[in-house]
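Participant: Prediction below, plus the sequence it came from.
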Amino acid sequence: MKTTDHFKRTIQAYLEQRAAEDKLFAVAYRKEDKNIDDCVTYILNEVQRSGCNGFTDGEVYSMAVHYYDEDDIEVGNPLSCQVMVNHTVELTEEEKAEARKRAVEQYQQAELRKMQERNKKPTAKQETNVQPSLFDLGL
């Protein structure tokens, strides 16, 4: 399924928070035959069927909850689309550390490439026309 990870993480974070606060939903959320990828597929198919382009957070979250609450629900086929989420995602400390690590590695690789490029540049050989001096002529 090609959807933004940001969208999936946003939905999953909401569902996990709801499951922590609502014991009845927690039971539905832990059903073995349910997963976040199918939940997102269900939401995207519902959005496509509606013909609308924009939804509130509450509308999207209610579709996600509905997917987990219902045992006999048609998920639909995975869709290839882009999903826009209009709020920021807070990264965990692990995600921040991983992002820092990747940034340092990218910086180091860029600097290494710069150094290698400097060393590769051919030095221009200066051809000088040496004119013989009076002493070379043997006069």
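Facilitator: Received, thanks. Residues are numbered from 1 along each chain as shown.

Participant: And stretch 37-51, what's buried?
Facilitator: For stretch 37-51, the neighbour count (16 or more other C-beta atoms under 10 Å) marks 38-47 as buried. Every residue, glycine included, has its C-beta placed from N, CA and C.

Participant: So for it, mean pLDDT?
Facilitator: The predicted model assigns stretch 37-51 a mean pLDDT of 91.

Participant: how far is it from where the chain is centred?
Facilitator: Centre-to-centre, stretch 37-51 and its host chain are 21 Å apart (C-alpha atoms, centre = their mean, to the nearest Å).

Participant: so what's Val75 up against?
Facilitator: Neighbour list for Val75: 38, 41-42, 45, 67 [criterion: C-beta atoms under 8 Å, 6 or more residues apart in numbering].

Participant: what about it, which helix or strand?
Facilitator: Applying DSSP states H and E as the criterion places Val75 outside every helix and strand.

Participant: Can you list the low-confidence ranges for this protein?
Facilitator: Residue ranges of the chain with pLDDT under 70: 1-4, 87-89, 121-130, 133-139.

Participant: what do you get if the cut-off is 50, keeping everything else the same?
Facilitator: Where the chain drops to pLDDT under 50, the residues are 1-3.
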